[in-house]
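*Asks:* Take this sequence and fold it.
(chains A, B, C and D)
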Protein chains: 4
Amino acid sequence: MLPWSADLAGRIDEHIFSSELLKDNPLGDPHERPLLVYVPPGYDDEPGRAYPSVYVIQGYTGHVTMWRNRSPYRQPFPEAADAVFGRGEAPPAIVVYVDAWTAYGGSQFVDSPGTGRYHSYLCDEVVPWVDARYRTLPEAAHRAIMGKSSGGFGAMITPILRPDLFGALATHAGDSLYELCYIPEFGKSARHLRDYDGDIWRWWEDFNSRVPFTKEADHDLLMLLGVSACFSARPDGTVELPFDPRTGVLRQDVWQRWLDWDPVRMAGKHATELRSLRGIWIDAGTRDEWFLDLGAEAFRAALAEAGVPQEIIRFELFDATHMAIDYRYPLSLAWLSQRIASG
Amino acid sequence: MLPWSADLAGRIDEHIFSSELLKDNPLGDPHERPLLVYVPPGYDDEPGRAYPSVYVIQGYTGHVTMWRNRSPYRQPFPEAADAVFGRGEAPPAIVVYVDAWTAYGGSQFVDSPGTGRYHSYLCDEVVPWVDARYRTLPEAAHRAIMGKSSGGFGAMITPILRPDLFGALATHAGDSLYELCYIPEFGKSARHLRDYDGDIWRWWEDFNSRVPFTKEADHDLLMLLGVSACFSARPDGTVELPFDPRTGVLRQDVWQRWLDWDPVRMAGKHATELRSLRGIWIDAGTRDEWFLDLGAEAFRAALAEAGVPQEIIRFELFDATHMAIDYRYPLSLAWLSQRIASG
Amino acid sequence: MLPWSADLAGRIDEHIFSSELLKDNPLGDPHERPLLVYVPPGYDDEPGRAYPSVYVIQGYTGHVTMWRNRSPYRQPFPEAADAVFGRGEAPPAIVVYVDAWTAYGGSQFVDSPGTGRYHSYLCDEVVPWVDARYRTLPEAAHRAIMGKSSGGFGAMITPILRPDLFGALATHAGDSLYELCYIPEFGKSARHLRDYDGDIWRWWEDFNSRVPFTKEADHDLLMLLGVSACFSARPDGTVELPFDPRTGVLRQDVWQRWLDWDPVRMAGKHATELRSLRGIWIDAGTRDEWFLDLGAEAFRAALAEAGVPQEIIRFELFDATHMAIDYRYPLSLAWLSQRIASG
Amino acid sequence: MLPWSADLAGRIDEHIFSSELLKDNPLGDPHERPLLVYVPPGYDDEPGRAYPSVYVIQGYTGHVTMWRNRSPYRQPFPEAADAVFGRGEAPPAIVVYVDAWTAYGGSQFVDSPGTGRYHSYLCDEVVPWVDARYRTLPEAAHRAIMGKSSGGFGAMITPILRPDLFGALATHAGDSLYELCYIPEFGKSARHLRDYDGDIWRWWEDFNSRVPFTKEADHDLLMLLGVSACFSARPDGTVELPFDPRTGVLRQDVWQRWLDWDPVRMAGKHATELRSLRGIWIDAGTRDEWFLDLGAEAFRAALAEAGVPQEIIRFELFDATHMAIDYRYPLSLAWLSQRIASG
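*Replies:* Predicted coordinates:
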């Protein structure tokens, strides 16, 4: 009866995942996280069958519960994903929705003294837990990861770092080519910080003392603070900004730590890992506000440079901004499910 | 464990409401609708107590399930509403979330041969049903209605039309002063329609044949079609646009039918009804994309002209666009609950 | 040696025109005005030959000296106009550049107690003066008028009012269809006026006390004040705004005075005059900030309604905003010169 | 009689300057250039007096004749400059307006195999020529240079390279902090180049075959081509873009050639030269489209780092974009004239 909804052909299990690695994380965020595991139609009827799995991660400020959000005229992705399998458009797969939210809005799916060990939590805790409780095909060749924006970034770097776990990926407008996606943001943020005497902690205090997202600065500064905490915290957790907030001048040593996390740059150093993958989906909107269409082009070029064969890559730019592109996820999910199917 | 969530102090009952009046509606939309009824903390403990009630309606493209949507750093309104009562910031009230979605995205809460009898469904079916099943104070003096955007419009006109039912209202950026909120939209829509040979039905066919909201025209034309269906359908349901799609020239007779629904103009004709109210909350963001801040000013001026006493009006403009102003709802809910409390 | 410049094939005479009608104008603007008269190549060699004439008027805030302004990669119109004749692309014509600037930025080429008698100055003073000093073909059939924006408006209304003088016109993005071109501006202006307690004279005082055009409000409010002075001054010169500055609500009587000057509405009342014309050029950019592309469509439709034959109309929309469309002027000049040539 | 004009208290001499160094320049641009020399009131009356001089250069796409352009409600700078001296607001100075336009729109006031020897033309030809024909105080201490945008850039680098010639400068929104002012432009340009198969020469051919500035790409690509010709042409004149046009990835070696021209970076290498100056005016609008407000902050910080004393610096950010800030020039001219006055 709900508009644009449907009964599921498969089933979604809602779990509370208790992480050891996230205990005592520096931001005091919960170590218990929601975890959704979807099993495709037929899963319960064929108890001897094992399935490939696809991990789905979110963009900045996302947390797992938001997958339930409904939009007019569109289905939430978990329902659209179910429909892919329900209509037989792709070999059945288990789909795992992982939470990696933090008080700063995100974790970038890395281990950081500034936020916590989200990369290890995903790879060393969630994956084994799912494999133990669901009939997955536990080899990397049958496990994929996908996401949009920061989630697309996570989907690019996680297989690079853990090719033993992930054999395919899909990035939708994933963060890459950092000079283009981040440097313009630094300019905007430096301007915002004028109202806070150049001190991002004064903004953070303000942000927490009033209704959030009622100032234009909020989105930009939250992301700046959060990504800095992920990429350029000191070992003791102190967050360092990649630029001087009064002048916008890059702090080269800090900025280099960010660049070390640029998928375009990582690709060159991880050619072997990337060549081991079975499928890489890359897409973005041609009007992306963070130039992530060029990031996509640059990542593709870096893959070619690294010797990744064209046949495993699916690349597409389409007419869109960074927003409202969730309708792309079912496309990549179907494609990934093909690539990581057994046989 | 969810970020920015909390256990409810009160309780939300989820109903399926079966409407007689919506049966055989012209768009073939379901006549069974979700209906959420919230009872405040203490409701179950004081079985002899009766409560005022506040009806909450939504903006364009909204349907009731979206009240569950979660946003980063903010609470969904039903949770924030509960907190108002949980913290004792307002006298307890029953809060009713009514669905009035249509295939075109909305009903404007009016009876129309183009969409259906949503005004009567709300007033003659939902209200009595709630009164019969919940311990409400069933007089108009203890019943309020509130909403944003199209929901704000609905909140303005419903008490005007049914002062026997509603004794207070809150409009957040509600549609009003139609020359300013609609005419610029007509210009944009006329341009969009060039791609469809001036025929909105060709756009509608296109919209339904592909992923919705992937063209810039979609939002504007959906609203144009929908509001036309609400305000200027012929008795047989044929939708008439208020302007010539090739030139943008107003069709005065059709446009007049729209103007007849402008709260600024309605106020003058319903002075008695408006003077009978106990509370009117009006607010809007100063940068509202539809000039609804001026619409708010104009509505306030029309109320003054109609002799509505200043004391019952709460007026505020604040720095915002039309978006992300949901944080205002708890403020008006608390205020309304004061105004319609017994005694 | 100048980039993008050329020697003239014809000649431009610079005159100071002394107007009796502009003496004692209400704004104290000079009654002596610059007047440029261009004669085409061959004019001096054929002393017995008479020529058609084209009057060129300017958009808001324009004054005649600005025709000398140079832009990168483009020629000033007087040079481009000369090239039209120099290359033999059109029958030779005399081109007259008339000044109608006021302290408020423009006159709309009407007679008004708020600004002065600019319509009569143009028609009853400048035209006879030119005819007396230059070998023009003095019949309306051989006289045209053209302009952009407010100048396009002037080009539309002047032949309507004086078909005895002008037999052809060209309007580039000329002001028309006032609900679309003006009402959105009223919304913006009402907001700007909040900083001035709703009093446009307080803004005017501010504007004159500091560097002009350093506030976002300046352009909008200057145009509002000026056009109000042109269209809706009282007989004693008092300027009346067409809306309540606090609410944006139209003052219907004042607004009607504006509508009476809308070319779309004037066309219906002056069908005979319009049918007497020999050529009407209408164009505009499809992304015009004032919806003047729709204004162009509406004016064309009004002409058709008035029985103006299609053959005398040249209509075109092209991809552009309201800005940087001066390259269109030579096109219409050549076309007009054809239409008003003798024989 | 012209609005916002005035008779000059001083005098402007219009010269044609014939340059040896610009002969056979790679773009075939003229080697004869307009040159305006202004002498202040009193110059002719005191034949024994020598004056300081201020050189004025223009932003991208500017050529000297444009100084004559008139704007509504504002004076052209040469007239406003004259008024500064006419009102006695600053010690009298000679003001020299130098042309450095090229077919690509500008020269950045550098010597380049891609465009020509504009730096040397200015320093080794124009300055001596002026000194020989006008009663200047020919020492660096009495000669300043000023400009906006690219002209501000020229004003920063010329004294750095030729402290023997220039002893003071004023930069209004001058190009600096290249990562912020240029990298976002590269993203936009890479997108524009998609329509030209990544080949800027195909765009250039297109640009020259039609009305210029009728495509959104034109401004961005013209500047990209021109600045590349200035900063990163090979010795044989071949222009190299600083990024891969298909991916937006920086070409580090080419980009480094641009960075070598960044005033923020040059300051550190030319501390001695900068410390020798008598006055440095730096300003920019806080909403500058190229982040040149941050460029201004960064240049100021670089000056401090280089040991330039605070007392010689005048710094200001003001509420504006990059546009319509010509009203700032008279302020800096007066200030510079004070700094370089004799005694």
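
*Asks:* Could you list the contact residues of the stretch 101-250 of chain A toward chain C?
*Replies:* For the stretch 101-250 of chain A, no residue is in contact with chain C (C-beta under 8 Å from any C-beta of the partner chain). The C-beta positions use only the backbone N, C-alpha and C, and glycine is treated the same way.

*Asks:* I'd like the next helix or strand past the strand or helix carrying A:L225.
*Replies:* A:L225 is part of helix A:217-231 when elements are defined by DSSP states H and E. Beyond helix A:217-231 on the C-terminal side, the first helix or strand identified by DSSP H and E is helix A:252-259.

*Asks:* From A:L222, how far off is the residue nearest the centre of chain A?
*Replies:* The centre of chain A sits closest to A:G151, judged by C-alpha atoms, centre = their mean, with a distance of 1.3 Å. Distance of A:G151 to A:L222, computed by C-beta to C-beta, to the nearest Å: 17 Å.

*Asks:* Would you mark the buried spots in stretch A:283-303?
*Replies:* A:283-285, A:288, A:290-303 (16 or more other C-beta atoms under 10 Å in any protein chain shown).

*Asks:* end to end, how far does that stretch reach?
*Replies:* 14 Å (C-alpha to C-alpha, to the nearest Å).

*Asks:* does any bit of it sit next to chain D?
*Replies:* Yes. Stretch A:283-303 lies within reach of chain D by C-beta under 8 Å from any C-beta, at A:286, A:291, A:293-294, A:297-298, A:300-301.

*Asks:* Closest one to A:R246 out of those, please.
*Replies:* A:F291 (25.4 Å; C-beta to C-beta).

*Asks:* now the residues of stretch A:283-303 next to chain D as a markdown table including pLDDT?
*Replies:* A markdown table is the format used below for the residues of stretch A:283-303 next to chain D (pLDDT from 0 to 100):
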| residue | pLDDT |
| --- | --- |
| A:T286 | 98 |
| A:F291 | 98 |
| A:D293 | 98 |
| A:L294 | 98 |
| A:E297 | 98 |
| A:A298 | 98 |
| A:R300 | 98 |
| A:A301 | 98 |
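
*Asks:* Of the residues you listed, which belong to strands?
*Replies:* Secondary structure from DSSP state E places none of the residues of stretch A:283-303 next to chain D in strands.

*Asks:* Please list all residues in contact with the residue of the stretch 101-250 of chain A found nearest chain C.
*Replies:* The nearest approach of the stretch 101-250 of chain A to chain C comes at A:E216, 15.8 Å away (C-beta to the nearest C-beta). Residues near A:E216 by C-beta atoms under 8 Å, 6 or more residues apart in numbering or on different chains: A:H192.

*Asks:* again, only using 10 Å
*Replies:* By C-beta atoms under 10 Å, 6 or more residues apart in numbering or on different chains, A:E216 lies in contact with A:188, A:191-192, B:319.

*Asks:* Please list which of the residues you listed are also close to chain D.
*Replies:* When contact is defined as C-beta under 10 Å from any C-beta of the partner chain, the contacts of A:E216 meet chain D at A:188, A:191.

*Asks:* Kindly reformat the contacts of A:E216 as TSV containing neighbour count and distance to B:P78.
*Replies:* Shown next, in TSV, are the contacts of A:E216 (neighbours: other C-beta atoms under 10 Å in any protein chain shown; distance: C-beta to C-beta, whole Å):
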residue	neighbour count	distance to B:P78
A:K188	19	34
A:R191	20	37
A:H192	20	32
B:D319	10	26
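
*Asks:* can you tell me which of the contacts of A:E216 lies nearest to B:T272?
*Replies:* Distances from B:T272 to the contacts of A:E216, taken by C-beta to C-beta, are shortest for B:D319, at 35.8 Å.

*Asks:* show me the contacts for that closest one.
*Replies:* B:D319 is in contact with A:214-216, B:285-287, counting by C-beta under 10 Å, 6+ apart.

*Asks:* if we take the residues you listed, which one ends up nearest to chain D?
*Replies:* A:E216 (12.2 Å).

*Asks:* Next, the residue lying closest to A:Q338 once chain neighbours are set aside: phi, psi?
*Replies:* Nearest residue to A:Q338, sequence neighbours excluded (C-beta to C-beta, 6 or more residues apart in numbering or on different chains): A:A90, at 5.9 Å. Backbone torsions of A:A90, given as degrees, to the nearest 10, read phi -150, psi 150.

*Asks:* ok, A:A90 touching A:Y51?
*Replies:* No. With contact defined as C-beta atoms under 10 Å, A:A90 and A:Y51 do not form a contacting pair (11.6 Å).

*Asks:* which neighbours do those two share?
*Replies:* A:40, A:337, A:341.

*Asks:* Helices of chain A, start to end?
*Replies:* A:77-86, A:118-120, A:127-133, A:150-161, A:178-193, A:200-209, A:217-231, A:252-259, A:263-269, A:271-275, A:292-305, A:329-339 (DSSP state H).

*Asks:* What is the third one packed up against?
*Replies:* Okay, so that is helix A:127-133. strand A:11-18, strand A:32-39, strand A:53-57, strand A:94-98, strand A:143-148 (3 or more C-beta pairs under 10 Å, 6 or more residues apart in numbering or on different chains; DSSP states H and E).

*Asks:* Report the buried residues of that helix.
*Replies:* In helix A:127-133, counting by 16+ other C-beta under 10 Å, buried: A:127, A:129-131.

*Asks:* Please consider this matter closed, and thank you.
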